[in-house]
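Visitor: fold the following.
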Amino acid sequence: MGFNGLTDGEAERLALLMEEMGEAQQAIGKILRHGYRSFDPTKRNGPSNRDALVRELGDVQAAMLLLFARRDVSADAVHERAHEKIGKVRKYMHHQDDKETCRPSEKAK
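Guide: Residues are numbered from 1 along each chain as shown. Model prediction:
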């Protein structure tokens, strides 16, 4: 156990989650600058920014599933918090309707 009371396994799972969240942030930044359909011009036939975000969000979700599987955090508590957050931020989101806030959009194709 380390100075912070974490086992090596706990620290490793948190490090993976942090790394994957950083990569998702980078993908989001590229979308905000260049759009969903843009891609890295140095990579022939590379993924679009949307495809890159999907991959990175999947990686974040995989890291979360590892935390849930080892009971580092509760999947039910995270799910409950997500629904609470949607309720809280809905009034501050000026460009969404209720359907878009809670369900996947058909635009994401």
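
Visitor: contacts only, for the most centrally placed residue in the chain.
Guide: When Cα atoms, centre = their mean is applied to the chain, the residue found nearest the centroid is residue 57 (4.1 Å). Going by Cβ atoms under 8 Å, 6 or more residues apart in numbering, residue 57 touches residue 24. Where C-beta positions appear, they are placed from N, C-alpha and C, glycine not excepted.

Visitor: for the helix ranked longest in the chain, buried residues please.
Guide: Ranked by residue count, the top helix of the chain under DSSP state H comes out as helix 8-34. By 16 or more other Cβ atoms under 10 Å, the buried positions in helix 8-34 come out as 10, 13-14, 16-17, 20-21, 23-24, 27, 30-31.

Visitor: packing partners of it?
Guide: Where contact means 3 or more Cβ pairs under 8 Å, 6 or more residues apart in numbering; DSSP states H and E, helix 8-34 is packed against helix 49-69.

Visitor: kindly export the helix it packs on (C-alpha atoms) in PDB.
Guide: This file holds the C-alpha atoms of helix 49-69, laid out as PDB (Å, rounded to 0.1, in the frame of the first residue of the first chain):
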ATOM      1  CA  ASN A  49     -12.900  13.700 -35.000                       C
ATOM      2  CA  ARG A  50     -16.300  12.200 -34.200                       C
ATOM      3  CA  ASP A  51     -14.900   8.600 -34.600                       C
ATOM      4  CA  ALA A  52     -11.900   9.600 -32.400                       C
ATOM      5  CA  LEU A  53     -14.300  10.900 -29.700                       C
ATOM      6  CA  VAL A  54     -16.300   7.700 -29.800                       C
ATOM      7  CA  ARG A  55     -13.100   5.600 -29.400                       C
ATOM      8  CA  GLU A  56     -11.900   7.700 -26.500                       C
ATOM      9  CA  LEU A  57     -15.300   7.800 -24.700                       C
ATOM     10  CA  GLY A  58     -15.400   4.000 -25.100                       C
ATOM     11  CA  ASP A  59     -11.900   3.900 -23.500                       C
ATOM     12  CA  VAL A  60     -13.200   6.100 -20.600                       C
ATOM     13  CA  GLN A  61     -16.200   3.800 -20.100                       C
ATOM     14  CA  ALA A  62     -13.900   0.700 -20.100                       C
ATOM     15  CA  ALA A  63     -11.700   2.300 -17.400                       C
ATOM     16  CA  MET A  64     -14.900   3.000 -15.400                       C
ATOM     17  CA  LEU A  65     -16.100  -0.600 -15.800                       C
ATOM     18  CA  LEU A  66     -12.800  -1.800 -14.300                       C
ATOM     19  CA  LEU A  67     -13.400   0.500 -11.300                       C
ATOM     20  CA  PHE A  68     -16.900  -0.900 -11.000                       C
ATOM     21  CA  ALA A  69     -15.800  -4.500 -11.300                       C
END
